[in-house]
Every structure is written in C-alpha cells, then in structure tokens.
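Engineer: predicted model follows, preceded by the sequence.
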Amino acid sequence: MAPTAVFTQNAPAPIPQLSQAIKHNGMVFCSGSLATDPKTGKFIEGSFQDRVRQCLDNLKEVLLAAGSSLDHVAKVNVFLTDMKNFKDMNEVYDQFFTKEPKPARTCVAVYQLPLGTDVEVECIAAEMPKAKL
C-alpha cells in the first residue's frame, strides 16, 4: 500500500515541502510541530510551556485526523534550543502522555529551529484498530 498524506484544518497547514503526517502500513509519521495557531497561522503568544502545549495540541489533532491518538504514540522526538527548558517541557509533556506504557522519547538540544522557535515536537504512532461490527 502506498503512503497516504494526512491533513486537518485543526492543525497548522504544512509548508509545500511536507505533509502534516503520512500514514503507511498501519503507522502514522507526524512531521515536526511548532507552536503555531492553526486559525491564524502565527506563533502563539505566551510562555515556553504554552509553546510546548501548542506543539502537542497540534500533533494531537493530526493524529486524530489520521485515525490515531496520543495513546497510540510509540516514539516522540523533542527538539529544544536550550536544555534549561527540559524540566518545563517535561511538565507539559506529562499532561499529554498519561497512559502506560509511555512512548519512547528522544530530547535533544539543537542550535536553532525553523522560524526562530525554541521547541519542535514530532512523533510516530500506530493507527487505532478498526472496530469490528
């Protein structure tokens, strides 16, 4: 089966070079999410934790559009421009990933991120099993 693009208006529109996510062989591969408001297309105002929350809210919407959810995430990659924000990121992250087992995760510090932001989050999830009637 060929890969299928995922799109939802409940998350920021992707730039022409990528898809919000790709579904392939029962898996959902989400592109990196920034703290962009899907309605305005602009970065949200507020704290670092507000930006992390928006990144995860955007991923949640993409996963739902793909037939998955945060509960089906297997792997998360977090990119920070300053590891001093690691604790603050974890506090928000723990509000979104509440079920066991927790996803595998990598968090790395990077020199810079697109559009000057300080956090980006991407993930890989399994599609939810289809209900049998």
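Structural biologist: Received it, and whenever you're ready, just let me know what you need.
Engineer: could you report the pLDDT at the spatially most central residue of the chain?
Structural biologist: With distances taken as Cα atoms, centre = their mean, residue 59 lies nearest the centre of the chain, 3.3 Å away. Listed pLDDT for residue 59 reads 98.
Engineer: how about it, what does it touch?
Structural biologist: Residue 59 is in contact with 11, 30, 33, 70, 121, 122, 123, counting by Cβ atoms under 8 Å, 6 or more residues apart in numbering. C-beta: built from backbone N, CA, C; applies to glycine.
Engineer: return the subset of the residues you listed lying in strands.
Structural biologist: The subset of the contacts of residue 59 located in strands under the criterion DSSP state E comprises 30, 121, 122, 123.
Engineer: number of residues surrounding the third one?
Structural biologist: Other residues within reach of residue 122 by the criterion other Cβ atoms under 10 Å amount to 18.
Engineer: helices along the protein, start to end?
Structural biologist: Across the chain, reading from the start of the chain, the helices by DSSP state H fall at 48-65, 86-96.
Engineer: what comes up buried for stretch 69-82?
Structural biologist: By 16 or more other Cβ atoms under 10 Å, the buried positions in stretch 69-82 come out as 69, 70, 72, 73, 76, 77, 78, 79, 80, 81.
Engineer: next, the distance between the ends of it.
Structural biologist: For stretch 69-82, the first-to-last residue distance is 28 Å (Cα to Cα, to the nearest Å).
Engineer: contacting residues around that stretch?
Structural biologist: By Cβ under 8 Å, 6+ apart, the list of residues contacting stretch 69-82 reads 28, 32, 56, 59-60, 63, 86, 89, 93, 96-97, 99, 103-113, 117-128.
Engineer: show the contacting residues for the residue nearest to residue 115 when sequence neighbours are not counted.
Structural biologist: Leaving out its chain neighbours, the residue that sits closest to residue 115 by Cβ to Cβ, 6 or more residues apart in numbering is residue 34, at 6.8 Å. When contacts are counted by Cβ under 8 Å, 6+ apart, residue 34 touches 12, 43, 55, 58, 113, 114, 115, 117, 119, 120.
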